[in-house]
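Trainee: coords please:
(chains A and B)
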Amino acid sequence: MQFERYESASFYDEMFDAAGQPRHGCALVVRTLAAIPDGEVLRRQRAAERALLHMGSTFNVYGHEDGVEKILPFDMIPRVIPASEWKVLEGGLKQRARALDLFLDDLYHGQRILADGIVPRELVETAATYLPACRGLDPPHGVWCHVSGTDLVRDSDGRYYVLEDNLRCPSGVSYVLQNRRVMKRTFPRVFEASRVRPVDAYPSQLLQMLQYVRPRDVAQPTVVLLTPGVYNSAYFEHSFLAQQMGIELVEGRDLAVRDGFVWMQTTRGLSRVDVIYRRIDDTFLDPNVFRRDSMLGVPGLMDVVRAGRVTLANAPGTGVADDKVIYAYVPAIVRYYLGEEAILPNVQTFVCFDEKQREHVLANIDKLVIKAANESGGYGMLIGPQASAAERASFADRIRANPRNYIAQPLLGLSRAPTLIDGAVEGRHVDLRPYILHGEDIFVLPGGLTRVALKKGSYVVNSSQGGGSKDTWVLASNGSGD
Amino acid sequence: MLSRVAEAIYWMSRYAERAENVARFLDVSFQVMLDLPDPVGDPWAGVVSATGDHALYAKRYEVATRDDVVRFLTFDTGSPNSILSCLRKARENARSVREVISSEMWEQINKWYLLVRDAAADESVLDDPHDFLTEVKQASHTFVGIAALTMTHGEGWNFGRIGRLIERADQTSRIIDAKQALLLARPTELGSSLDSVNLSALLRSVSALEMYRKRHGMIAFPTVIGFLLLEKGFPRSVRYCLNEAARSLHAITGTPADAGDSVPERRLGRLSAEYEYASVEEILAEGLHNHLDRFQSRLNDSGAAIHDTFFAVRPVTPESPERPAAAATQTQWSSAH
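Mentor: Numbers count the residues shown, from 1 in each chain, chains lettered A, B, ... in the order given. This next block holds a predicted model:
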């Protein structure tokens, strides 16, 4: 693998500094990869992809027929994060998770933060993800977001920023675990020498957390994972996690409410369920309370949740805290509940809900990235500098018609990482999604999913739009990697 | 175990077994063609009617040509019983329970499906399908072996085993029925060498020729039928399949083998006992076709009882009398045959 002609250009590069020297912690990886002949690199890449396909580590592409599950393209050059850098990220993520949980508990109870005018009441009440049906809900131990994933990016200055919070059971952690298995198989030697912090305990930690948040009077909880079914794009992950935790993977049709409890239908009759790690959206959970047409949920489920006889992880209603407009208020939310400044900064954000900021956005639409409040997967957004005049005009109309629904941010010069493209090493933009578990305490999985935009120059890292992934190596504090 | 999971394992096994049977049947049909000096009538039409899907075939193709018949049985996704369709369904079922089966089983069924899907994309295998069909059969054996060696022999495994054995008993009886019609259609030729070709083909299509020869040597109509229906230790005979399916059923319910506490145990047990004590003379006296017809309908009743007892999602709350699962279950059930 040849790095000589690698251009780190004007972006922050994850592996090389401005002088072209490997960054702290990266020298060993670079040296080892450089020693592998090109043909061998290609062979190992193929072997890695085949391994992923045969493990069935795939996602479904919507709108296609059966048989088009794809593997998430996997890049063999790891992304390395030194211990000192990770320590800061970990602290910042924990702080954010703690504050957002307090925020949710407040929103669905006393609403002090609205009364104090820190977050505009109208903003919360008009958020599609705010669920009045959850007012007064008391999830065990006051935990709402049991599992979250925060998207981080680095700007050209090399600083990390929070791009968005994902508090609605984000997916992707199975790729972190599978990528690591494949990397260990592919480059055992580099691995051995680098002292990379392990990730494979994640399923046990997840199970431990789920057992901890059981209803108060249950000694030996039955935990299940609720999936929308095989046609969901993240089905592989649901199945993988259930298998790793050794719990039942259930669909809504396997569950029923009777006598005030949730039960699953087994070959020997009904069996009680205490904790549901649910991977279906809030509004599909219970057709009696939310969407009446939901075939994925369980009628009567919310009554059992309210009675504290079953725990949902995540609790319903958490989506309001990752609304892209509410996001702009997170630094204030951290300050309000914790009396601290946010360790990880937000990206500068203009809220179109505010008239002055809206005028600024409309005047500078060609320089900004516009995002709809409630879309994900890279949809519903406009990258001003790369868009046509017509696209910009159409987005400006949408903003005027529904200002509450839009925010704008400057276009960041996302950091790049060396990536194998057709056998040559080229820079591609990356982000990072660490996974956070919140039970008895808050745990951040060391590393997370590094997503890479494989198209040259692209900033969109989503798997549905040509993104791939890399293994993320957080180095142990006593490891040098050099 | 979740009812849905038990059902998916059961159907995964049935479809996998069916795919293997189609491959074996087609492979033997090819070899028979080579042995027929002067084909009477339309031999490929006979192959289609032996599968029982001639009505569907007639809708999709004009005449029974070699290439169309082979395509129909291998890659035609418009036919629910083509090898590709069976494997697609086997794999979909496996995919919905991959956290329950072993990952080795999933990898094997996935590879098996990809093998057939890739062959379908290219179709060059149709020129000389023998190697391809052999690979399909081997993949099936590997799958069964992997299942036996990597999955706990508990409830799930036993449901899979029942599915496989019921499917196999069904397939064996169907193939006898189809062949006996051909044989009896030309009574004057009974005992001729052509007859022997057809009887060996019948044995080979359930991999029974070698074992039959060890047991009986000479090939004759009643002994062949007797072997395929009643041979105690041969793993594709109907008697063997019924005995073993009943054994797995008792392993699931935990009741002793001589007790029949539930409807499926009673139905399968009675059917199995009948074959335990039957003689081929009685069966032929009843009329082979009539007998097989009656057998298939009783086997279906046993399958239906297993479905009702273990898989059917019963309405458990007054608020949700109709649950969507019922529809999905029905679809799969009715596609059995």
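
Trainee: Pull the residues that contact the host helix or strand of A:V182.
Mentor: Following DSSP states H and E, one finds A:V182 within helix A:173-186. Applying Cβ atoms under 8 Å, 6 or more residues apart in numbering or on different chains, the set of residues contacting helix A:173-186 from outside is A:44, A:47-48, A:51-52, A:55, A:57, A:72, A:74, A:76, A:78, A:149, A:191, A:199-200, A:202-203, A:236-237, A:240-241, A:244, A:435, A:445, A:447-449, A:469-472. For every residue, glycine as well, the C-beta is placed using N, CA and C.

Trainee: So how do I select the buried members of the residues you listed in ChimeraX?
Mentor: Only the buried entries of the contacts of helix A:173-186 go into this ChimeraX selection, using 16 or more other Cβ atoms under 10 Å in any protein chain shown:
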select /A:44,48,51,52,55,57,72,74,76,78,149,191,199,202,203,236,237,240,241,244,435,445,447,448,449,469,470,471,472
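
Trainee: Identify each buried residue in the helix ranked longest in chain A, please.
Mentor: Assignment by DSSP state H gives helix A:83-107 as the longest helix of chain A. Going by neighbour count (16+ other Cβ under 10 Å), the buried part of helix A:83-107 is A:83, A:85-86, A:89-90, A:92-107.

Trainee: Next secondary structure element downstream of it?
Mentor: Using DSSP H and E, the helix or strand that follows helix A:83-107 in sequence is helix A:112-115.

Trainee: what mean pLDDT does the helix ranked longest in chain B have?
Mentor: Using DSSP H, we find that the single longest helix of chain B is helix B:3-35. Taken as a whole, helix B:3-35 carries a mean pLDDT of 91.

Trainee: Can you give the contact residues for the helix or strand that comes right after it?
Mentor: Where DSSP H and E defines the elements, the next helix or strand beyond helix B:3-35 is helix B:43-51. For helix B:43-51, contacts defined as Cβ under 8 Å, 6+ apart pick out B:22, B:25-26, B:29, B:32-33, B:36, B:54, B:57, B:63-66, B:69, B:72-73, B:81, B:174-175, B:178-179, B:182.

Trainee: CA atoms only for helix B:43-51 - export them in CSV, please.
Mentor: Output of helix B:43-51 as CSV, limited to C-alpha atoms (Å, rounded to 0.1, in the frame of the first residue of the first chain):
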residue,chain,number,x,y,z
PRO,B,43,-40.6,-37.2,-21.9
TRP,B,44,-40.1,-33.7,-20.6
ALA,B,45,-43.8,-33.3,-20.1
GLY,B,46,-43.7,-36.4,-18.0
VAL,B,47,-41.0,-34.7,-15.8
VAL,B,48,-43.2,-31.7,-15.3
SER,B,49,-46.3,-33.7,-14.4
ALA,B,50,-44.2,-35.7,-11.9
THR,B,51,-43.6,-32.5,-10.0
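
Trainee: Neighbours of the residue of the stretch 351-482 of chain A found nearest chain B, how many?
Mentor: Per Cβ to the nearest Cβ, A:S463 is where the stretch 351-482 of chain A lies closest to chain B, at 18.8 Å. A count of neighbours around A:S463, defined by other Cβ atoms under 10 Å in any protein chain shown, yields 23.

Trainee: likewise A:E440?
Mentor: By other Cβ under 10 Å, the residues close to A:E440 number 12.

Trainee: Mind checking the pLDDT average for stretch B:147-167?
Mentor: 96.

Trainee: which other residues reach it?
Mentor: Contacts of stretch B:147-167 with the rest of the structure, by Cβ under 8 Å, 6+ apart, involve A:267, B:1, B:5-7, B:9-14, B:16-18, B:21, B:97, B:100-102, B:104-105, B:144, B:241-242, B:244-245, B:248-249, B:251-252, B:299, B:302-303, B:306, B:310.

Trainee: Apart from its neighbours in sequence, what residue is nearest A:R291?
Mentor: A:T283 (4.8 Å; Cβ to Cβ, 6 or more residues apart in numbering or on different chains).

Trainee: Does that neighbour touch A:V289 like I think?
Mentor: No - counting by Cβ atoms under 8 Å, A:T283 stays clear of A:V289, with 9.1 Å between them.

Trainee: More neighbours: which of these two?
Mentor: Legend: neighbour count by other Cβ under 10 Å for A:T283 and A:V289, higher for A:V289 (22 against 18).

Trainee: Tell me who's in contact with that one.
Mentor: By Cβ under 8 Å, 6+ apart, the neighbours of A:V289 are A:133, A:302.

Trainee: what about it, distance to A:G229?
Mentor: 21 Å (Cβ to Cβ, to the nearest Å).

Trainee: At the contact with chain A, which residues of the stretch 1-150 of chain B appear?
Mentor: Residues of the stretch 1-150 of chain B lying close to chain A by Cβ under 8 Å from any Cβ of the partner chain are B:1-6, B:88, B:92, B:95-96, B:98-100, B:103, B:106-107, B:110-111, B:114, B:117.

Trainee: now those: which count as buried?
Mentor: Among the residues of the stretch 1-150 of chain B next to chain A, the ones that count as buried by 16+ other Cβ under 10 Å are B:1-6, B:88, B:92, B:95-96, B:98-100, B:106-107, B:110, B:117.
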